[in-house]
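Colleague: Next comes the sequence, and after it the predicted model I'd like to discuss.
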Amino acid sequence: MAQEKKFVEAITPMNEDFAQWYTDIVKKADLVEYSSVKGCMIVRPYGYAIWELIQKELDRRFKETGHENVYMPMFIPESLLQKEKEHVEGFAPEVAWVTHGGSERLAERLCVRPTSETLFCDHYANIVQSYRDLPKLYNQWCSVVRWEKTTRPFLRSVEFLWQEGHTVHATAEEAQEETLRMLNTYASFCEDYLAIPVIKGQKTEKEKFAGAKATYTIESLMHDGKALQSGTSHNFGDGFARAFGIQYLDKENKLQYAHQTSWGVSTRLIGAIIMVHGDDSGLVLPPRVAPIQVVIVPVSQHVEGVLDKAYELKERLSRFCRVKLDDSDKMPGWKFSEYEMRGVPLRLEVGPKDIQKNQVVLVKRENREKIFVSMDELEARIPQVLDEIQASLYNKALAHRESRTFKATTLDEMENILNTTQGFIKAMWCGDEACEKAVKERMAATARCIPFEQEKISDHCVCCGKEAKHMLYWGRAY
RNA sequence: CGAGGUGUAGCGCAGUUGGUAGCGCGCUUGGUUUGGGACCAAGAUGCCGGGGGUUCGAGUCCUCUCACCUCGACCA
């Protein structure tokens, strides 16, 4: 489409200014509104509906694997937060504190949870006594607060919605199994539901979660070639258990420390959807997380019979998909643009000509492809077309990631890639943190992960030239 | 926390050497329209971010302050 006509004037083209494009979409698609509190966002109905679809499916998968939902307090006493040393140090700089209740100063200040490890641990110490009590597989849906300096809707806000799973196990093996199980749950969810391909791997020591033994991650690549950490799963070993005294008696009547995991994804996933699938006309939603899967736009709706037919179609479609009929008196062209901006995967046009031919016009959001379908075949065709779109979005995202994944054997090569195309860079690493830091300082790129799928690019570390231990994915990240 | 930018109607903006506020979009009403953001007519909407100053007079000048945005250092 060389001479593609620009239908939507309100959105900054992504090649011109990607950051502005992102901000435009978030606002023009009615996902969020900025709030009166710096760095916080008002999630509007359309944005929240996407979150609800994400929640619904993830929650189903969590329950299917034996997890139970709980709710922990929003406040953490300072003394509790400080029990695990590395953990506090990691979070201290971005914690918000409550110092007063009404007009009285609190004896001990309370932290607004930035994450709930300490609360779960404190609770687990109370309820775990015997190996018979294990495992405990808890999850909570809540919001957390991190006093960020630079904020962007969905990607980084002071308060954000997420889910945090916290589990306790008898053995290290079980904890490790759980850590990877949940990482896989996230990975398949992203790929099947959000149509976002991910790289699974382990974080380096430098990048891992404060207090964890090991952190695993799914990394995805945005349209502009920057990486986004899309979900993490941590194995805590028995570190937190030792700090909080979570012990149980095993079958031999010996006192043992428990092993723990935690894992989370947040509304950041919505940012990923925007930046992976969106285009210059606006948002593009994969059908499975689209609050509206099909929008019906009547044409010449003043003509006798058109609206009646539209209502009838809405009724029929609502039995098998999420459908909206826009019967407002806006021009059809206006509606086309509006729902493209909002990323509705499929548009159904129906007008006098269609009624005469007993057909409707389906138009795919992703490429504006028109499909003429007989009115008698909607139940069969629409779900099929939605599936095609879902698959096509995934394939496009995968192709894009592949086209933006490079190999490098020298720092010059890496830097050149980062300064020109930008994307994931596969390069060898000796395992020394000094090299990781050197790369970061020189080109502002971080080690995204040590992928499970290893590949030998060369024998030597890209930085120091010593013998390489792992292949890493590098990139600039959000 | 560093560097830059912006605050005037719901949104986007204009506002000259200082003279008491305007345009576009949107909104309301009526009519004509409807296959890619229609048109005509008539309306409604302002603590000019906030405080203090200069002045006969401040959206405009000075000063302090607050908020937000963007880009960097740290983080889901």
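Modeller: Nice, thanks for sending it over. Residues are numbered from 1 along each chain as shown, chains lettered A, B, ... in the order given.
Colleague: hey, what's A:Val168 bridged with?
Modeller: A:Lys136, A:Gln260 (DSSP bridges).
Colleague: burial count for it?
Modeller: Using other C-beta atoms under 10 Å, A:Val168 has 29 neighbouring residues. No exception for glycine: its C-beta is placed from N, CA and C like everyone else's.
Colleague: Contact partners for it?
Modeller: Residues near A:Val168 by C-beta atoms under 8 Å, 6 or more residues apart in numbering: A:Tyr124, A:Val128, A:Leu134, A:Pro135, A:Lys136, A:Ala241, A:Ile246, A:Ala258, A:His259, A:Gln260.
Colleague: from what I can see the first one touches A:Phe244, true?
Modeller: This points to A:Tyr124. Yes: between A:Tyr124 and A:Phe244 a contact is recorded at 7.3 Å, counting by C-beta atoms under 8 Å.
Colleague: ok, so of the contacts of A:Val168, who is nearest RNA strand B?
Modeller: Closest approach to RNA strand B among the contacts of A:Val168 (C-beta to the nearest atom of the strand): A:Gln260, at 17.0 Å.
Colleague: if we can go back for a sec, tabulate the contacts of A:Val168 (a markdown table), appending neighbour count, pLDDT and distance to RNA strand B.
Modeller: Below are the contacts of A:Val168 laid out as a markdown table (neighbours: other C-beta atoms under 10 Å; pLDDT from 0 to 100; distance: C-beta to the nearest atom of the strand, whole Å):
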| residue | neighbour count | pLDDT | distance to RNA strand B |
| --- | --- | --- | --- |
| A:Tyr124 | 24 | 97 | 21 |
| A:Val128 | 21 | 97 | 26 |
| A:Leu134 | 22 | 97 | 27 |
| A:Pro135 | 20 | 97 | 24 |
| A:Lys136 | 20 | 98 | 23 |
| A:Ala241 | 24 | 96 | 21 |
| A:Ile246 | 26 | 98 | 23 |
| A:Ala258 | 30 | 98 | 23 |
| A:His259 | 28 | 98 | 21 |
| A:Gln260 | 30 | 98 | 17 |
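Colleague: Can you get me a residue count around the residue of the stretch 351-478 of chain A found nearest RNA strand B?
Modeller: In the stretch 351-478 of chain A, the residue that lies nearest RNA strand B is A:Gly351 (2.6 Å; C-beta to the nearest atom of the strand). Other residues within reach of A:Gly351, judged by other C-beta under 10 Å, total 19.
Colleague: cool, and A:Pro286?
Modeller: Around A:Pro286 there are 26 residues (other C-beta under 10 Å).
Colleague: tell me the contacts of it?
Modeller: Taking C-beta under 8 Å, 6+ apart as the criterion, A:Pro286 is in contact with A:Tyr193, A:Leu194, A:Ala195, A:Ile273, A:His277, A:Pro345, A:Ile389, A:Gln390, A:Leu393, A:Tyr394.
Colleague: so which of those is the most crowded?
Modeller: That'd be A:Leu194 among these, by other C-beta under 10 Å, with 29 neighbours.
Colleague: which SS state does it fall under?
Modeller: Assigned with DSSP: H, G, I helix; E, B strand; the rest coil, A:Leu194 falls in the coil class.
Colleague: you'd agree it is up against A:Pro287?
Modeller: No: contact criterion C-beta under 8 Å: A:Leu194 and A:Pro287 do not qualify, at 11.0 Å.
Colleague: Identify the residues contacting stretch A:231-238?
Modeller: Residues outside stretch A:231-238 that contact it (C-beta under 8 Å, 6+ apart): A:117, A:172, A:175-176, A:179-180, A:182-183, A:186-187, A:190, A:198, A:203, A:208-209, A:211-218, A:257-265, A:269.
Colleague: Please tell me how far A:Glu164 sits from RNA strand B.
Modeller: 10 Å (C-beta to the nearest atom of the strand, to the nearest Å).
Colleague: Counting neighbours, what do you get for the nearest residue to the residue of the stretch 351-478 of chain A closest to RNA strand B once chain neighbours are set aside?
Modeller: Of all residues not flanking A:Gly351 in the chain, A:Val299 sits nearest, at 3.2 Å (C-beta to C-beta, 6 or more residues apart in numbering). A:Val299 is flanked by 18 other residues according to other C-beta under 10 Å.
Colleague: which ones are touching A:Val299?
Modeller: Contact analysis of A:Val299 by C-beta under 8 Å, 6+ apart lists A:Val306, A:Pro332, A:Glu349, A:Val350, A:Gly351, A:Pro352, A:Asp354.
Colleague: Would you mind measuring from the second one to RNA strand B?
Modeller: Going from A:Pro332 to RNA strand B by C-beta to the nearest atom of the strand gives 4 Å.
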